[in-house]
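In: Need a 3D model of the sequence below.
(chains A, B and C)
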Amino acid sequence: MMTYRKELRFHLNKRRGLVNITEAVTEAIKESGVKEGLILANAMNITASVFINSVEEGLHADFEKWLESLAPELPYEQYQHNTDKEKNADAHLKRSIMGREAVIAITDGKLDFGPWEQLFYYEFDGLRHKRVLVKIIGS
Amino acid sequence: MMTYRKELRFHLNKRRGLVNITEAVTEAIKESGVKEGLILANAMNITASVFINSVEEGLHADFEKWLESLAPELPYEQYQHNTDKEKNADAHLKRSIMGREAVIAITDGKLDFGPWEQLFYYEFDGLRHKRVLVKIIGS
Amino acid sequence: MMTYRKELRFHLNKRRGLVNITEAVTEAIKESGVKEGLILANAMNITASVFINSVEEGLHADFEKWLESLAPELPYEQYQHNTDKEKNADAHLKRSIMGREAVIAITDGKLDFGPWEQLFYYEFDGLRHKRVLVKIIGS
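Out: Residues are numbered from 1 along each chain as shown, chains lettered A, B, ... in the order given. Model prediction:
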C-alpha cells in the first residue's frame, strides 16, 4: 500500500470565496504514483470547506446568498462565539452545511469524477493563511 | 491491497425521490472479494446525494418537506443558476445539506452498519439518467 | 494492509450534547499500530453525528441554538415520523446537517489535524445507549 501527503495553501483577500482545486489535487495524484485507491481532501481549518460541485458562476452566487440566509454573518452579537475577538461564528456554521472534506475514488491514476464534478475550496473566514490537506492511499 | 469499482444507474420518473441501495452495494462488496476495508459510495451527478438513514416512510416525507423549506424549488427566478435552461439550483442546495457521499467500513465482508442504518440514493433532479459510483479498497 | 475496528459507547443523561472523542480515537490509532492511512469515525445510530470543530463553549451553544432553529424539536406534530412512539424526527434532520462521519488522515501514527481540529460526537437523541464505529486502514 502506498500513501502520499500534500498541503495546499490559501490566502484569500476577502472574507468568503471559492477556489477550484481540481487541478492541484490531480497533480498530487500524479506525484503519488497511485493508480487505484482513495483520496481525502479536507480543510485543515474549521472555518472552511472542501466540497464538490460544478463550475458555474450563477450557482456560486446562489450558494453565497443561500448560506448567508441560513447562517448570517451579522449581527455579530447573535452568536456567543463572537464575544471575544473572533467574529467568525457564521463561518463555522456555513462550513457545517458544506462539509469539511471530500473522499474521491482514484481510478487509472485519475480522479474518478462524473461529468460535471469539480473540487472546490470554500473560504468562509479569509484574510489569513489557511490550508487543505490531501492524503492519498492506494496501490 | 484490492480495489473494486462499480456504477449503479438510476432514472427516476419524477423530480425527487429516494432509492434504497443497501442491497446493491452489499452485492458489490461480495463481487469485490474484500473482507476488511472501506467502501465509498458517491453520487456522480451534483444534483443527487448518497446518505445513510432508516427505512421509514414518515421520516422520508419529513426530509422532503424540510429540504423544500430550506431550499425551495420555486420560484425559479430566485436563483441566478436558473437564468439559462437549467431549473435545478434548488437541487444543488438540497444535495449540499444531505451530502455527496458515504464512507462505510467493511468488516467480515459486510457493510459494518448499526441496527437501523440503510444506504439511500436521494434524487433531487430526476427524469434523466444518473449514476452512483461505488469504490472499494481493502484486503 | 492493516485494518482495525473499535466501538465507542455513549449514554448521555440528556437529549442533546457534545462529547470530545479526539483522545479515544487517538488511542484506537495507537492500538492499531497503523502509521500511515485513513481513519473513519461514524455514528452507528442515525440520530447522532461525528464531526470536527473546535473546543469552545460559546460556539457549541451557537451550534445548539442554530440547529434548533433549522430543525426544531417542537411541536412533535409537525413531523410525520413522530406519529408513533418515536419523537425524534428533529434528531434525524439535525444529524443530516452535521453529518454522520469524519474521515481523517493518519500520518506518523497520529490524527493529521490542523491546529484547532478536534473530533466530536454530537448526540441528538440521548437517554439511551449509542455507539460510534472507528475503522482504521493503512500500513
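
In: Go through chain A and flag its longest helix.
Out: Scanning chain A for the helix with the most residues, using DSSP state H, yields helix A:57-70.

In: Wondering if the helix or strand following that one reaches chain B at all.
Out: Toward the C-terminal end, the helix or strand that comes next after helix A:57-70 (DSSP states H and E) is helix A:89-98. Yes - legend: contact between helix A:89-98 and chain B by C-beta under 8 Å from any C-beta of the partner chain is shown at A:97, A:98. All C-beta atoms are positioned from the backbone trio N, CA, C, and that covers glycine.

In: Now helix A:89-98: average pLDDT?
Out: Here the mean pLDDT over helix A:89-98 is 98, rounded to a whole number.

In: Give me every residue in chain A lying close to chain C.
Out: A:1, A:3, A:5, A:38, A:40, A:42-46, A:70-71, A:79-83, A:89, A:92-93, A:96-97, A:99-101, A:103, A:131, A:133, A:135, A:137.

In: what about 6 Å?
Out: Residues of chain A found near chain C, taking C-beta under 6 Å from any C-beta of the partner chain as the criterion, are A:1, A:3, A:5, A:40, A:44-46, A:79-81, A:89, A:92-93, A:100, A:103, A:135, A:137.

In: what does stretch A:45-52 contact?
Out: Surrounding stretch A:45-52, the residues in contact under the criterion C-beta atoms under 6 Å, 6 or more residues apart in numbering or on different chains are A:41-43, A:88, A:91-92, A:95, A:98-99, A:101-102, A:117, A:119-125, A:130, B:100, C:53-54, C:114, C:116.

In: ChimeraX command to pick out the buried ones of these?
Out: Here the buried members of these are turned into a ChimeraX selection, burial being counted by 16 or more other C-beta atoms under 10 Å in any protein chain shown:
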select /A:41,42,43,88,91,92,95,98,99,101,102,117,119,120,121,122,123,124,125,130 /B:100 /C:53,54,114
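
In: Which ones among the contacts of stretch A:45-52 map onto strands?
Out: Residues of the contacts of stretch A:45-52 located in strands (DSSP state E): A:41, A:42, A:43, A:101, A:102, A:119, A:120, A:121, A:122, A:123, A:130, C:53.

In: Secondary structure element holding residue A:27?
Out: helix A:22-32.

In: now for that helix, which elements pack on it?
Out: strand A:2-10, strand A:118-123, strand A:130-138 (3 or more C-beta pairs under 6 Å, 6 or more residues apart in numbering or on different chains; DSSP states H and E).

In: And it, what's buried?
Out: A:24, A:25, A:26, A:28, A:29, A:32.

In: Report the inter-axis angle for that helix versus strand A:2-10.
Out: 150 degrees (axes from the mean of the first three to the mean of the last three C-alpha atoms, to 10 degrees).

In: now for the ones in strands among the contacts of stretch A:45-52, which pair is the farthest apart?
Out: A:119 and C:53 (21.9 Å; C-beta to C-beta).

In: Tell me which residue is most central in chain A.
Out: Among the residues of chain A, the one closest to the centroid is residue A:50, at 2.0 Å (C-alpha atoms, centre = their mean).

In: C-alpha coordinates for whatever helix or strand that one lives in, PDB please?
Out: Secondary structure here is read from DSSP H and E; on that basis residue A:50 sits in strand A:48-53. What follows is strand A:48-53 as a C-alpha-only set of coordinates in PDB (Å, rounded to 0.1, in the frame of the first residue of the first chain):
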ATOM      1  CA  ALA A  48     -13.600  26.500   5.500                       C
ATOM      2  CA  SER A  49     -15.000  23.600   3.400                       C
ATOM      3  CA  VAL A  50     -13.800  21.200   0.700                       C
ATOM      4  CA  PHE A  51     -16.800  20.200  -1.500                       C
ATOM      5  CA  ILE A  52     -17.700  19.000  -5.000                       C
ATOM      6  CA  ASN A  53     -19.900  20.900  -7.400                       C
END
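
In: partners of it, with directions?
Out: Sheet pairing of strand A:48-53 (DSSP bridges) gives strand A:118-123 (antiparallel).

In: what's the distance between the strand it pairs with and the middle of its chain?
Out: 4 Å (C-alpha atoms, centre = their mean, to the nearest Å).

In: Send me it as CSV with only the CA atoms.
Out: Extracted C-alpha coordinates of strand A:118-123, given in CSV (Å, rounded to 0.1, in the frame of the first residue of the first chain):
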residue,chain,number,x,y,z
GLN,A,118,-15.1,19.7,-9.8
LEU,A,119,-13.4,20.0,-6.4
PHE,A,120,-13.6,23.4,-4.6
TYR,A,121,-12.2,25.0,-1.5
TYR,A,122,-14.8,27.3,0.1
GLU,A,123,-13.3,30.0,2.3
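
In: what angle sits between it and strand A:130-138?
Out: Computed by the same axes, to 10 degrees, the angle separating strand A:118-123 from strand A:130-138 equals 150 degrees.

In: As TSV, the helices and strands packed on helix A:22-32 with mean pLDDT would be great.
Out: Putting these into TSV (pLDDT from 0 to 100) gives the following:
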stretch	mean pLDDT
strand A:2-10	98
strand A:118-123	98
strand A:130-138	98
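
In: okay, those strands in TSV with distance to residue A:59 next?
Out: TSV is the format used below for those (distance: least, C-beta to C-beta, whole Å):
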stretch	distance to residue A:59
strand A:2-10	21
strand A:118-123	11
strand A:130-138	21
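
In: quick one, what contacts the residue of chain A found nearest chain C?
Out: Of chain A, the residue with the smallest distance to chain C, taken as C-beta to the nearest C-beta, is residue A:44 at 3.1 Å. Contacts of residue A:44 were listed using C-beta under 6 Å, 6+ apart, and they are A:131, A:133, C:114.

In: Go again with 7 Å.
Out: Counting by C-beta atoms under 7 Å, 6 or more residues apart in numbering or on different chains, residue A:44 makes contact with A:131, A:132, A:133, C:114, C:117.

In: From residue A:101, how far off is it?
Out: In this structure, residue A:44 and residue A:101 are 10 Å apart, going by C-beta to C-beta, to the nearest Å.

In: Good, we can wrap up now.
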